[in-house]
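*Asks:* Quick one, what's the 3D model for this:
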Amino acid sequence: MLLFFGAGCNVDRAAAPTMIDWVSYGGDPGGMGYSPLDQITPENISDLEVAWTYSTGELDLGLAEADFRASFSATPLVIDGVMYFTTPSTRVIALNAETGEKIWEYDPWEGAKERKFNSNRGVAYFPGSEERSSRILFGTIDARLYSLDAETGNPDSDFGDNGYVDLRKGDVEDYDFATGTDWGARVSSPPAVYENIVITGWGLPEYPSEGPSGDVRAFDIYTGEELWRFHTIPREGEYGNDTWENDSWKNRMGANVWTAMSVDNERGLVFLPTGAAAYDFYGGDRPGENLFANSLVAVDALTGEMVWYQQLVKHDLWDYDLPSQPNLIEVEVKGEKVPAVAQTTKMGFVFLFHRETGDPIFPIEYRDVPESEVPGEQAWPKQPFPVKPEPLARTTMTENEINKLTPEIYEFCRNLFDNATVGPVFTPVGLENTITFPGYHGGSNWGGGAFDPDLGLLITSTNNDAGYGRMIPQEGSVPYRRGGDFGEYGWFRTPDGIPCQEPPFGELHAVDMSTGEVKWQVPLGFNRELQEMGIEDTGVQSLGGAIVTGGGVTFIGATIDRYFRAFETETGELLWEFELQAGAHVTPMTYSTPLSDKQFVAVPDGGGGYLRSLSPKISDEIVVFSLPD
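*Replies:* Prediction:
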């Protein structure tokens with residue numbers, strides 16, 4: 001039995017079933033990030049305690065020595081009392097969700113000479129049918145799409161090549177740089193499931209400009225046969241092809257969906273949040289708007305035909321991928337409930353569209369933005385700005401806003417500021433040092449938003465963190481590459497990783513999605529070095545998302561200070577916090593099981609990933625909390 005209560009459903013715990021599942025990466029296929037479970041409340045959360053922990057064994061396999069990108073960022077699923085998740089080396093583990101006892105494990109690297117690690121955000125679930133029992137679907141860091149029997153963990157021999165489809169076949173062989181298992185073509189997020197179709201994007205390198213396509217592909221869930229593919233970079237004769245001038249669409253890498261997609265089962269729609277075209281920081285070889293890069297695209301789930309699109313960044317030069325799963329929600333417009341889709345972004349903007357038509361629910365203005373000084377570059381002159389909500393992240397700074405928390409910080413940051421150009425959001429990186437607000441991990445990253453249907457609030461975290469660097473001439477097909485004293489992905493920070501502008505450095509926000517107004521925002525986390533000096537409430541950088549519950553509680557880890565926290569959803573009041581072994585750079589989840597009427601909250605505790613330099617501790621645990629018996 002699989003039960004999920006959707007938006008707006010008031011659950012009577014005395015009459016409701018004793019088990020609520022977390023059936024998809026975002027809780028439901030539409031990525032709302034909400035559970036109606038209400039046993040844990042602001043009144044009793046101080047009693048929350050560790051129920052059980054489980055070590056995946058990844059440290060013994062070499063995780064601590066792995067590339068910095070590797071992180072335990074998988075959000076577990078729980079179905080019928082069984083928890084399923086992936087590890088950084090894309091092993092799949094099934095546990096008893098009540099006790100943490102292992103049921104089965106599948107290792108796609110078993111027998112391989114070398115094991116690699118990277119970020120992988122989890123699995124998808126197919127509930128089965130008359131033709132087939134339930135399945136666990138996931139992608140690996142070398143781009144194999146697997147189907148496993150949910151009960152045994154054995155590969156489905158009828159799916160593809162004895163249980164998997166090689167996504168690289170026919171797409172990657174000509175590009176040696178993309179065949180590696182750590183940063184080549186890979187699957188970094190769970191696929192989407194609609195009826196008997198599994199739909200996947202994949203992660204691709206961001207350099208050079210030519211390479212594998214970012215096509216989104218759909219496969220028969222029984223056989224692994226490819227059913228359709230959506231060309232995120234349109235081919236000749238297709239709509240949008242003319243937005244790639246000088247035939248720059250040919251062999252163009254990127255515009256891929258590396259994050260999670262959302263499914264509207266009622267309407268048969270899949271929502272694709274696409275990334276930037278390669279190379280992410282130079283577009284002189286791809287003049288034009290560059291559809292469908294940096295776009296939210298709604299496609300027919302059965303055919304892959306485009307229904308509507310909205311491009312949220314034109315001719316991206318900032319690595320402003322659409323990083324997060326779209327939230328399929330309902331909002332009130334002129335007294336009527338409207339099906340909507342919300343998309344958080346790295347710019348700190350939140351866009352809201354009618355789910356069926358793509359029409360903006362709040363107006364979008366196309367505003368003039370700065371030109372590029374890089375030879376050959378033609379920055380797009382106007383970019384879309386939603387009128388509401390207001391930007392949730394810092395989009396520029398002035399000299400008076402340099403970090404003054406200590407004289408040493410001010411001196412270092414003042415020197416950086418005086419030797420750089422700073423402008424508003426969408427200022428292209430120039431030939432001299434440029435401060436870019438927000439940076440590539442600024443705004444709201446892949447953690448995205450969570451929506452409380454009773455309060456009408458979208459909860460999301462943001463980073464106020466700027467990039468710092470310049471464009472450097474080079475030989476080859478890409479004449480300029482981003483670099484500078486701090487490398488290609490340099491940051492406007494002190495050597496200790498403290499951002500060089502005034503705090504807060506990280507925040508948690510609640511937005512009323514019917515009015516577009518920010519209801520509250522609070523600093524998220526603390527910097528340990530500054531706290532030891534008596535400086536509080538600075539907020540810190542984070543990667544990972546929040547979830548909201550029927551008990552009125554918001555849970556989030558994500559921060560580099562290694563704490564897992566709970567806030568009151570309605571007010572933003574901090575209710576509870578627990579120090580973990582490592583940063584929980586992940587989105588948590590909550591569930592109940594058939595064995596008890598107890599609400600559990602689970603969070604992988606792994607550290608690593610892109611914030612590893614700021615929070616170096618590594619772990620391989622899942623920590624599960626509940627109230628005492």
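
*Asks:* Extract the residue ranges of the stretch 101-250 of the chain that are flagged as low pLDDT.
*Replies:* 181-182 (pLDDT under 70).

*Asks:* mind listing the strands for it?
*Replies:* 102-106, 124-126, 135-139, 144-149, 164-166, 192-194, 197-200, 216-220, 226-230 (DSSP state E, counting those that start in this stretch).

*Asks:* now these as CSV including mean neighbour count?
*Replies:* C-betas here are computed from N, CA, C, even on glycine. As requested, the strands of the stretch 101-250 of the chain are arranged in CSV below (neighbours: other C-beta atoms under 10 Å):
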stretch, mean neighbour count
strand 102-106, 16
strand 124-126, 24
strand 135-139, 27
strand 144-149, 23
strand 164-166, 20
strand 192-194, 24
strand 197-200, 24
strand 216-220, 22
strand 226-230, 17
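
*Asks:* which stretch among these comes nearest Asn327?
*Replies:* strand 192-194 (14.3 Å; C-beta to C-beta).

*Asks:* Which strands or helices does that closest one pack on?
*Replies:* strand 124-126, strand 197-200, strand 262-264 (3 or more C-beta pairs under 8 Å, 6 or more residues apart in numbering; DSSP states H and E).

*Asks:* now these in CSV, with distance to Arg91?
*Replies:* Shown next, in CSV, are the helices and strands packed on strand 192-194 (distance: least, C-beta to C-beta, whole Å):
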stretch, distance to Arg91
strand 124-126, 16
strand 197-200, 19
strand 262-264, 26
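
*Asks:* hmm, back to that, minimum distance to Thr86: which of the strands of the stretch 101-250 of the chain has it?
*Replies:* strand 135-139 (5.7 Å).

*Asks:* Distance to Thr494 added to the strands of the stretch 101-250 of the chain, as TSV?
*Replies:* Below are the strands of the stretch 101-250 of the chain laid out as TSV (distance: least, C-beta to C-beta, whole Å):
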stretch	distance to Thr494
strand 102-106	43
strand 124-126	41
strand 135-139	38
strand 144-149	42
strand 164-166	45
strand 192-194	41
strand 197-200	40
strand 216-220	40
strand 226-230	43
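
*Asks:* Quick one: closest of those to Gln325.
*Replies:* strand 192-194 (9.6 Å).

*Asks:* Provide the strand pairings for that closest one, with the direction of each partner.
*Replies:* Here strand 192-194 is paired, per DSSP bridges, with strand 197-200 (antiparallel).

*Asks:* which intervals of the protein have sub-threshold pLDDT?
*Replies:* Looking at the chain by pLDDT under 70, you get 1-19, 181-182.

*Asks:* From Pro386, how far out is the residue nearest the centre of the chain?
*Replies:* Nearest residue to the geometric centre of the chain (C-alpha atoms, centre = their mean): Trp446, 1.9 Å. The spacing between Trp446 and Pro386, counted by C-beta to C-beta, to the nearest Å, is 20 Å.

*Asks:* do the same with Ser514
*Replies:* For Ser514 relative to Pro386 (C-beta to C-beta), the value is 15 Å.

*Asks:* Next up, phi/psi of the spatially closest residue to Pro42 that is not a sequence neighbour, please.
*Replies:* Distances taken as C-beta to C-beta, 6 or more residues apart in numbering put Glu568 closest to Pro42, at 4.9 Å, once the chain neighbours are dropped. The phi/psi pair for Glu568 (degrees, to the nearest 10) reads phi -70, psi 120.

*Asks:* neighbours around Glu568, how many?
*Replies:* 17 (other C-beta atoms under 10 Å).

*Asks:* partners of it in the sheet?
*Replies:* Val553.

*Asks:* isn't it right next to Thr549, touching?
*Replies:* No: at 11.1 Å, Glu568 does not count as touching Thr549 under the criterion of C-beta atoms under 8 Å.

*Asks:* mind listing what Lys501 touches?
*Replies:* Actually, residue 501 is Gln rather than Lys. 394, 397, 401-403, 413, 437, 464, 466, 492 (C-beta atoms under 8 Å, 6 or more residues apart in numbering).

*Asks:* should've said Thr427
*Replies:* Counting by C-beta under 8 Å, 6+ apart, Thr427 has contacts 369-370, 421, 434, 436.

*Asks:* got it, and Gly288?
*Replies:* When contacts are counted by C-beta under 8 Å, 6+ apart, Gly288 is found next to 242-245, 248, 315.

*Asks:* For the residue nearest to Pro42, give its distance to Trp249.
*Replies:* Counting by C-beta to C-beta, the gap from Glu568 to Trp249 is 49 Å.
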